[in-house]
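Colleague: only the shape, not the letters, is given here:
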């Protein structure tokens, strides 16, 4: 289980960098520079996924496994991996690690209220590393944080 990186096609046309996510129907944005387009892409991705999380909708799985700064050469040099913001990442991880357990069971197991746990899974609040570690441990997994 690792960070969710979503592939996005970024191309330049008439001096503007356009972004289209491959896994999201409504994932479009643009920027004046490549860096601005990537920043805007992360914001759009976060907003779309957070909305899905808050409405208890399914979130699409990323279709490509790539390192954060890597382009996906087999699909062309215009495909980049984009990560959503930290709260969304945490919510996606918590949902995965919870598996088939109910939110109530997981909240009870890690010693927090159901309402607080729901806030973490909806990306409306940020969980501490201690909470994330407890959730992973409760699910028989180890939380590893790595800097690259």
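Modeller: Arrived safely, thanks for sending. Note that the structure is a prediction, hence the values are computed from the model and not measured.

Colleague: just the helices in this structure please.
Modeller: Taking DSSP state H to define them, one finds helices in the chain at 34-54, 86-98, 103-110, 114-121, 129-138.

Colleague: what angle do helix 86-98 and the first one make with each other?
Modeller: Between helix 34-54 and helix 86-98, the angle formed by their directions is 50 degrees, by axes from the mean of the first three to the mean of the last three C-alpha atoms, to 10 degrees.

Colleague: ok, and what's touching helix 34-54?
Modeller: With contact meaning C-beta atoms under 8 Å, 6 or more residues apart in numbering, helix 34-54 is reached by 6, 8, 10, 12, 17-19, 21, 24, 26-31, 57-59, 80, 82-85, 87-88, 91-92, 95, 121-124. Any C-beta I mention is one placed from the backbone N, CA and C, and that applies to glycine too.

Colleague: just the last one next, same as before
Modeller: When contacts are taken as C-beta under 8 Å, 6+ apart, the neighbours of helix 129-138 outside the stretch itself are 90, 93-94, 97-98, 106, 109-112, 120, 127, 142-143, 145.

Colleague: and these, which are buried?
Modeller: If you count burial by 16 or more other C-beta atoms under 10 Å, the buried members of the contacts of helix 129-138 come out as 90, 93, 94, 97, 98, 106, 109, 110, 112, 120, 127, 143.

Colleague: surely the third one meets residue 121?
Modeller: What it means is residue 94. Yes - Residue 94 sits in contact with residue 121 when judged by C-beta atoms under 8 Å, with a separation of 5.2 Å.

Colleague: can you list the buried residues in the longest strand seen in the chain?
Modeller: With residue count as the measure and DSSP state E as the assignment, the chain has strand 6-13 as its longest strand. The neighbour-count criterion (16+ other C-beta under 10 Å) identifies 6, 7, 8, 10 as the buried residues of strand 6-13.

Colleague: for the first one, give me its contacts.
Modeller: In this structure, residue 6 makes contact with 21, 22, 23, 24, 27, 45, 62, 81, 82, 83, 84, judged by C-beta under 8 Å, 6+ apart.

Colleague: quick check, the second one in contact with residue 63.
Modeller: Okay, so that is residue 22. Yes - the pair residue 22 and residue 63 qualifies as a contact (C-beta under 8 Å) at a distance of 6.1 Å.
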